[in-house]
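K.L.:
got a sequence here, can you model it:
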Amino acid sequence: LVACLLALNRMDAFLLVGPAIGLRLWSEGRARGFSAGAREVLVAFVPFVLWEAFSLFYYGSLVPNTAYAKLGTGLGTVELSRQGGAYLLESLRTDPVTLPLIAAAILLPFATRRPEHAAGASGIGLYALYVVRVGGDFMSGRFLAAPFFVAVMLLCSARAPESRTARLGLFAAAAGLLVLAVSRPLCPIRSGRNYGRDPNDTIDLRGIADERRFYYAYTGLLREDPSKTPLNHPWALEGFEARKAGVSVQRWRAVGLRGFAAGPGVYVLDQVALADPLLARLPARQDRPWRIGHFERVIPDGYLETLTSGENVLVDRRLASYYDHIRTVVRGPLFGRERFAAIWNLNLGRYDELIDVEAYRHPAAPAPAREHALASVPDTPLLRRPLAQRLPPLPCVAGGQHELANLAARRGDAKNFAPAEPSLRLCSFVGLEALYFFERVRARAVPERFPYEAGRSEGDGAGEKRTSARPGRTRYEQAGRPDSHHAL
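P.N.:
Below you'll find the model as predicted:
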């Protein structure tokens, strides 16, 4: 039942307990027969099955909209996995306790030889691999909280060693980890009233942020001021202004505080698709830098007018047909036969061919250029491609006169570079870059990674107009970092 409740909260969290449930089925099958164990699991998961049935009927989907927005981006496995590796290393840099304890729990079965420990460690390992595969998260440490909790439970369940020396060693290690955790400047019990005063320090180049620090100046308990409005965050104030102005449709990137303050009378068009059923099913645009967890979509031409008037006036007629099906699912009569048919076909992907994927990935490129880019993607498996095509993106190191810089310059001509063998020194540097150690050097060599609001977008789709950023704003303010209250 606990596993069922865990899956109800987050379906991906089932990875933590899946191996343990498999072990239980196996042990029950040996003792009483497989049917008895399977019956127990099925009974325990009745609440989950009932919720999924209701979700499919009412929302038209088995997974939340944020799953489409964050997992259906169209980004490559290698690119997301590199981001996921950076997420783990950022946690190690800011919180040197969580990952070591998780690693200790994964290694525990090698010392205890107990099958229940092996099942728990396998669940933690599967979840960690999943976190890396999806690119981690924008919130520092968030996706590591659940495996950390399971790791602590697993370690506490292990029998203490009989040797007095070993016990003292374990006690010293635990005490050392506790002192290390408390001594960190970001430790929650050490944060005072001034915590989060400088928002520029809350986000790194990979888009991983200390969300608590970002919001603390406005929502922290020690910062509470009875003389001010409880919701005095600038984004909330924008929402109150939209409500007061009687705006019917408002286009925002950060929709949490803004949408809450705007109220139900304002339809918020979420540009990162977390709260929009159409945009969530479009691929993330790849002509701009992206931030993990907040993948910007192209606003199709005519979509704002469609939301405002209620009449489908999308310029892309194939997408207009796709939107008709979505609107039938999310706004049609609950028990309508047409709605049930649209739910069935939408979940089976039968309408996916109506989306011009490349047009919404690269909206600025003309159609011939998009077709050429699509045709140039090699069909050869990754491991059989030339070395220049297999390597991850390389960093800009200080000075630029380096083997890495030379290799980067030659990567555009894969045919000439194919027979070249990488040196051991080159492999070491590439490995280090993949482990996130060149980020500070890269920060001095390249522009800001998140220029989301260096110029606000006005208009729809390919007909965008850009306005320059307001002078005097900090780098963090110009980043226009999306809100986190609607995160998956």
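K.L.:
other SSEs contacting the strand or helix carrying L129?
P.N.:
Assessed by DSSP states H and E, L129 sits inside helix 115-133. For helix 115-133, the elements it packs on are helix 14-31, helix 77-94, helix 98-112, helix 145-157, judged by 3 or more CB pairs under 8 Å, 6 or more residues apart in numbering; DSSP states H and E. From N, CA and C alone the C-beta is placed, and that goes for glycine too.
K.L.:
those: lowest mean pLDDT?
P.N.:
Taking each of the helices and strands packed on helix 115-133 in turn, the lowest mean pLDDT turns up on helix 14-31, with a mean of 88.
K.L.:
give me the helices and strands touching it, please.
P.N.:
So helix 14-31, by 3+ CB pairs under 8 Å, 6+ apart, packs with helix 2-9, helix 34-44, helix 115-133, helix 145-157.
K.L.:
which of the ones you listed sits most buried?
P.N.:
helix 115-133 (a mean of 19; mean count of other CB atoms under 10 Å).
K.L.:
can I get the CA coordinates of that one in CSV?
P.N.:
What follows is helix 115-133, C-alpha atoms only, in CSV (Å, rounded to 0.1, in the frame of the first residue of the first chain):
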residue,chain,number,x,y,z
PRO,A,115,18.4,-9.9,-0.6
GLU,A,116,16.2,-7.1,0.9
HIS,A,117,19.2,-4.8,0.9
ALA,A,118,19.9,-5.7,-2.7
ALA,A,119,16.3,-4.9,-3.7
GLY,A,120,16.5,-1.5,-1.9
ALA,A,121,19.8,-0.7,-3.4
SER,A,122,18.6,-1.7,-6.9
GLY,A,123,15.6,0.7,-6.5
ILE,A,124,17.9,3.5,-5.5
GLY,A,125,20.2,2.8,-8.5
LEU,A,126,17.4,2.6,-11.0
TYR,A,127,16.0,5.9,-9.7
ALA,A,128,19.4,7.6,-9.9
LEU,A,129,19.8,6.3,-13.5
TYR,A,130,16.4,7.7,-14.3
VAL,A,131,17.3,11.1,-12.9
VAL,A,132,20.4,11.2,-15.1
ARG,A,133,18.5,10.1,-18.1
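K.L.:
run the chain-centre distance for that helix.
P.N.:
Between the centre of helix 115-133 and the centre of its chain there are 19 Å (CA atoms, centre = their mean, to the nearest Å).
K.L.:
what about it, average pLDDT?
P.N.:
95.
K.L.:
among the helices and strands packed on helix 14-31, which is nearest V97?
P.N.:
Closest to V97 of the helices and strands packed on helix 14-31, according to CB to CB: helix 145-157, at 8.6 Å.
K.L.:
if we look at the closest one, which residues are touching it?
P.N.:
10, 13, 16, 98, 101-102, 104-106, 108, 116-117, 120-121, 123-124, 127-128 (CB atoms under 8 Å, 6 or more residues apart in numbering).
K.L.:
again, 7 Å this time
P.N.:
13, 16, 98, 101-102, 104-105, 108, 117, 120-121, 123-124, 127-128 (CB atoms under 7 Å, 6 or more residues apart in numbering).
K.L.:
mind putting the helices and strands packed on helix 14-31 into CSV with distance to G349?
P.N.:
Listed next are the helices and strands packed on helix 14-31 as CSV, based on distance: least, CB to CB, whole Å:
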stretch, distance to G349
helix 2-9, 23
helix 34-44, 28
helix 115-133, 21
helix 145-157, 30
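K.L.:
how many other residues sit next to the closest residue in space to E40 that isn't next to it in sequence?
P.N.:
Once flanking residues are discounted, E40 sits nearest to E28: 7.1 Å by CB to CB, 6 or more residues apart in numbering. Each residue near E28 was counted by other CB atoms under 10 Å, and the total is 18.
K.L.:
go on, the one 5 residues further on?
P.N.:
Using other CB under 10 Å, the number of residues around G33 comes to 11.
K.L.:
what's the distance between it and S27?
P.N.:
G33 is 12 Å from S27, where distance means CB to CB, to the nearest Å.
K.L.:
now do Y322
P.N.:
Counting by CB to CB, the gap from Y322 to S27 is 48 Å.
K.L.:
who has more neighbours out of these two?
P.N.:
The residue with more neighbours, out of Y322 and S27, is Y322; 21 against 13, by other CB under 10 Å.
K.L.:
count the residues that sit near the residue nearest to R142 when sequence neighbours are not counted.
P.N.:
Excluding the flanking residues, the one nearest R142 by CB to CB, 6+ apart is E211, at 7.9 Å. E211: 21 surrounding residues under other CB under 10 Å.
K.L.:
equivalent analysis for V17, please.
P.N.:
Based on other CB under 10 Å, the number of other residues close to V17 is 20.
K.L.:
and it, what does it touch?
P.N.:
Taking CB under 7 Å, 6+ apart, one finds A3, L6, G123 in contact with V17.
K.L.:
per-residue pLDDT, the first one?
P.N.:
Right, A3. For A3, the predicted pLDDT is 90.
K.L.:
wait, it touches G22, no?
P.N.:
No: with contact defined as CB atoms under 7 Å, A3 does not count as touching G22 (11.1 Å).
K.L.:
where does pLDDT dip in the stretch 151-300 of the chain?
P.N.:
Residue ranges of the stretch 151-300 of the chain with pLDDT under 70: 197-201, 226, 228-230.
K.L.:
now do the strands in it.
P.N.:
249-252, 267-270 (DSSP state E, counting those that start in this stretch).
K.L.:
list just the one of these that sits closest to F54.
P.N.:
strand 267-270 (23.9 Å).
K.L.:
how many neighbours does the nearest residue to P283 once chain neighbours are set aside have?
P.N.:
Distances taken as CB to CB, 6+ apart place G74 nearest to P283, at 3.6 Å, with adjacent residues excluded. Using other CB under 10 Å, G74 has 14 other residues around it.
K.L.:
check contacts around G74.
P.N.:
With CB under 7 Å, 6+ apart, G74 has these contacts: P283, A284, V357, R361.
K.L.:
could you rerun that using 10 Å?
P.N.:
L282, P283, A284, R285, Q286, F295, V357, E358, Y360, R361 (CB atoms under 10 Å, 6 or more residues apart in numbering).
K.L.:
if any of those residues are buried, give me the ChimeraX selection for them.
P.N.:
Selecting just the buried residues from the contacts of G74 in ChimeraX takes one command, with 16 or more other CB atoms under 10 Å as the test:
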select :282,283,284,285,286,295,358,360,361
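K.L.:
return the member of the contacts of G74 nearest to S309.
P.N.:
For the contacts of G74, the nearest to S309 is L282 (21.0 Å; CB to CB).
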